[in-house]
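Student: Give me a model of this one.
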Amino acid sequence: MNLFVSFMRTVVPIVAGLVLTLLVRIGVTFDSTAVASVVTAVLTGAYYTLFRLLETLALKIRNRPLATIAGILLGWATPPDYPDPAAA
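Tutor: Predicted coordinates:
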C-alpha cells in the first residue's frame, strides 16, 4: 500500500502541473516545447511544494482537516508511512 501512496503523491502533482500549464497556455503562445517543459516543471514543483509545506504545517499545529485537504490535493489524504530500516 505504501508504494501506491507514494506513486499517487508523485503522479497527482505532475498531472496538476500539466493542467496548470495548459490553463496558463490559454491565450499565451509558446514558441518552443522546451519553454513549455520548463513551465510545466516549475508549476509542478511549486504545486507540490505548496501543498507539502501546508500539509506539514497543518500536522505540526494539529489541524487534521487542513492536513487531509492538502494531502488529498497531493493524491492521498495521508503521507506515506515508510518503515524504519534501523528497526528491522
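Student: can you pull the contacts of residue 6?
Tutor: The contact partners of residue 6, by CB atoms under 8 Å, 6 or more residues apart in numbering, come to residue 80. Bear in mind the C-beta positions are built from the backbone N, C-alpha and C, glycine included.
Student: for the one 4 residues further on, same thing?
Tutor: The neighbourhood of residue 10, defined by CB under 8 Å, 6+ apart, consists of residue 75.
Student: tell me how far the helix or strand where residue 10 lies is from the chain's mean position?
Tutor: Taking DSSP states H and E as the definition, one finds residue 10 inside helix 2-25. When C-alpha coordinates are averaged (CA atoms, centre = their mean, to the nearest Å), helix 2-25 and its chain have centres 6 Å apart.
Student: Tell me the buried residues in the helix or strand that it is followed by?
Tutor: Counting by DSSP H and E, the element after helix 2-25 in chain order, helix or strand, is helix 33-60. Neighbour counts over helix 33-60 (16 or more other CB atoms under 10 Å) mark 36, 39-40, 43-44, 47-48, 51-52, 54-55, 58-59 as buried.
Student: Between which two of these is the distance greatest?
Tutor: Largest separation among those by CB to CB: 36 and 59, giving 34.7 Å.
Student: tell me the pLDDT at the residue nearest to residue 11 when sequence neighbours are not counted?
Tutor: Closest residue in space to residue 11, ignoring its immediate chain neighbours: residue 75 at 6.3 Å, by CB to CB, 6 or more residues apart in numbering. We have a pLDDT of 91 for residue 75.
Student: for residue 75, phi and psi?
Tutor: Note on residue 75: its backbone torsions stand at phi 110, psi -10 [degrees, to the nearest 10].
Student: residues near it, how many?
Tutor: 21 (other CB atoms under 10 Å).
Student: how much space between it and residue 62?
Tutor: 23 Å (CB to CB, to the nearest Å).
Student: who touches residue 54 in this structure?
Tutor: Taking CB under 8 Å, 6+ apart, we find residue 54 in contact with 66, 70.
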